[in-house]
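Novice: Fold the stuff below for me.
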Amino acid sequence: MFVLTLACFAVISTALALLVFNVTTHADGSYYITAICVNTWYRPSLQARPYLWVVIAILIVSYLAWRIRRFRASRNRPLEPQEYPYWFPVVGHTLSMMWNPQRLVDRARVYFGDTRKPFTISAMGHRFHFITNPKDVSEVYRKSNALTHDIFLSDLMTQFNISRTTRHFVFLQPDSSGRGPQLVTPNPSFKSLARLTVDMFREQLAPGPKLHRLGEITMASLEPLTRWATMKSQWYTIREEDDYRDISLLRWCQEVMLKTANRTFFGKALDRVAPKIMNHFLRFDELSYCALFQFPHCLSKLLGMTDAQDAMTADLFRYFNLPLVERSDRNWLIDQQEAEFINLGLDTKEIAKLVAMIFWVINTNAYKLLFWMVCNLLLDSILRQHVTAELRSCFDENGNLDVDALTGRDMSAMPFTNALWHETLRVTNSASSARYVATSTSVGGLHLRKGDRVIVPYRQLHYNSQVFGPSAFEFNFKQWLETDDLDRNPSYRPFGGGLWLCPGRFLAKQEICMAIAYLLYRYDVELTPFDCHGSSAQDKSQNFQQAMPRMDESSPGIGVVSAVKGDDYTIRLKKRDQD
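Specialist: Prediction:
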């Protein structure tokens, strides 16, 4: 479909390019406009074959008739979502969707008067119904049978080169009579492995003994990475002196979060057999929009995503080829997933591909969210002062961190840290939730046809001025201190909702707050008088200040938005006596 769309766009563009407007000026200053061919060798053909003008006229009339019929008809169907007009048949809004989907949705919402009613955007050969009203979003989550997520997950699995047979087994619902393939994990509701995997994540990552144990493992992995003696990695260190170190904030977040997650879920063996998996993952993560938009293999290969994906999968293949005894410290979740895959008869290559998807989900958001939280701290001295005091209070006199203090919904003892968490999530979340209309249904009182797609763009909810005020596009942590239960507002959906509500939200909050806690407890943190490119006060002026990194809203992801490539903060760490 992607190739067909580009081909149609090329044909239409070429046809239009054959005609240009020629302006001829008379002596009296008047002028007239005629349509001529760009290439003069077409002119004799038109003169010799006047019927070609008839063909051109028919094409123009047909195009105008199509456009009027397409979008006038949409207005005449008041019980269906209105369609956002476009110029090129078949192509639709494909290029705008690929170039900057957030801006496209903004334009469409404003075009329809910002009524928050569902509207339709045609792109990539599909009709996408965008849901931006919080009440309608709740309705989408309730209709889990009519609006299913499985087809999008299956399409994504295809982008990871997972075989058709494997996809069939992953979505196969076991027979309630006990006949046929059954799963290893207790499955009283006879869910497919895809659905049961979400339950596994919830069991492992929901508040309770397992999350507490996982938090201790996470702390044991993260704490050594924040010590003065070990914080000298070439990946992020820019300058090292006796009393301070200058580091790249983004790269520090990448290394700390990725290494911590890898050791927490896979144990120490993954770093040993795949020392470059972080580099391979970051390259894939940067280009993962190719998978989300289902680029053809040749284009993904040209852009470099396929090579990065293959390298990451090869790293995991080497890991799963190790004897179990050499990776006995792996997480319960990874152990259960491997057992289920083996039970389905999958070989190590297929297992590595499936776990590569899990690896992506585990790692894609934490380092970005940590980066933006620290950026926001550095910009507001009052917020930094309060958060520093709150997080330092979580350490005892021996420097031991209380893990449980970093988990929980309200964190009543740390209101500023909680406000920083929620506001950063609100502003930087660029994810969308996708559903396939399995059976015709209605949302917001409007009919959705079977076969169409439903998209819930969380950015549209989080920037809702009716909920978050006229300055909803700006970072404003104070609203979380002034408004009770704002995190329960249906317009705040940083982790999705319904059956696919992100089960990793508690662990994410725990490990990110843990990283910030160690950073602020052990170091005095400030922006350096120069940036990562070497620009300094001497280069410009005595009032030089690093520019706030920009959000790259043109690249879609499955969660927190990335920084524009090249944007970063260089921070200076000065050791405190507590370390």
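
Novice: Do a quick rundown of the strands in this protein.
Specialist: Counting by DSSP state E, the segments of the chain that form strands are 19-25, 31-37, 82-83, 119-123, 126-130, 147-148, 237-240, 245-248, 432-437, 441-443, 446-448, 453-457, 523-527, 570-575.

Novice: among those strands, which is nearest residue 278?
Specialist: strand 245-248 (14.3 Å; CB to CB). From N, CA and C alone the C-beta is placed, and that goes for glycine too.

Novice: So which of the strands of the chain is nearest residue 500?
Specialist: Of all those, strand 432-437 sits nearest to residue 500, with 7.2 Å by CB to CB.

Novice: Now do the closest one: everything it contacts.
Specialist: With contacts defined as CB atoms under 8 Å, 6 or more residues apart in numbering, strand 432-437 is touched by 101, 129, 140, 146-152, 448-459, 493, 496-497, 500, 556.

Novice: Select only the buried ones of these in ChimeraX?
Specialist: Per 16 or more other CB atoms under 10 Å, the buried members of these correspond to this ChimeraX selection:
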select :101,129,140,146,147,148,149,150,152,448,452,453,454,455,456,457,458,459,493,496,497,500,556
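
Novice: Between the strands of the chain, which one is closest to residue 421.
Specialist: When those are compared by CB to CB, strand 523-527 sits nearest residue 421, at 17.8 Å.

Novice: got the angle between that closest one and strand 570-575?
Specialist: Put simply, strand 523-527 runs at 160 degrees to strand 570-575, going by axes from the mean of the first three to the mean of the last three CA atoms, to 10 degrees.

Novice: Quickly run through the sheet partners of strand 523-527, with directions.
Specialist: Paired with strand 523-527 in the same sheet, following DSSP bridges, are strand 570-575 (antiparallel).

Novice: Now do the end-to-end distance for stretch 498-509.
Specialist: End-to-end distance for stretch 498-509, by CA to CA, to the nearest Å: 20 Å.

Novice: before we move on, what about stretch 273-293?
Specialist: First-to-last residue span, stretch 273-293, CA to CA: 32 Å.

Novice: List the buried residues of that stretch.
Specialist: By neighbour count on 16+ other CB under 10 Å, the buried set for stretch 273-293 is 273-274, 277-293.

Novice: Repeat that for stretch 559-579.
Specialist: Buried-residue list, stretch 559-579, by 16+ other CB under 10 Å: 559-563, 567-573.

Novice: so how far is it off the chain centroid?
Specialist: With CA atoms, centre = their mean, to the nearest Å as the basis, stretch 559-579 stands 20 Å off its chain's centre.

Novice: and the nearest residue to residue 238 once chain neighbours are set aside, how many residues sit next to it?
Specialist: Leaving aside its sequence neighbours, residue 238 sits nearest to residue 246 (CB to CB, 6 or more residues apart in numbering; 4.6 Å). Per other CB atoms under 10 Å, the neighbour tally for residue 246 reads 19.

Novice: Make residue 1 into 16 and carry on from there
Specialist: Sure, I'll start counting at 16 from here, so that last one is residue 261.

Novice: Which pLDDT value belongs to residue 261?
Specialist: The model reports residue 261 with a pLDDT of 95.

Novice: and residue 75, how many residues sit next to it?
Specialist: Counted with other CB under 10 Å, the neighbours of residue 75 add up to 11.

Novice: cool, and residue 102?
Specialist: The number of residues packed near residue 102 is 11, by other CB under 10 Å.

Novice: quick one: the nearest residue to it once chain neighbours are set aside from residue 98, how far?
Specialist: Counting by CB to CB, 6+ apart, the nearest residue to residue 102 once its immediate chain neighbours are dropped is residue 82, at 7.8 Å. Distance, residue 82 to residue 98, using CB to CB, to the nearest Å: 12 Å.
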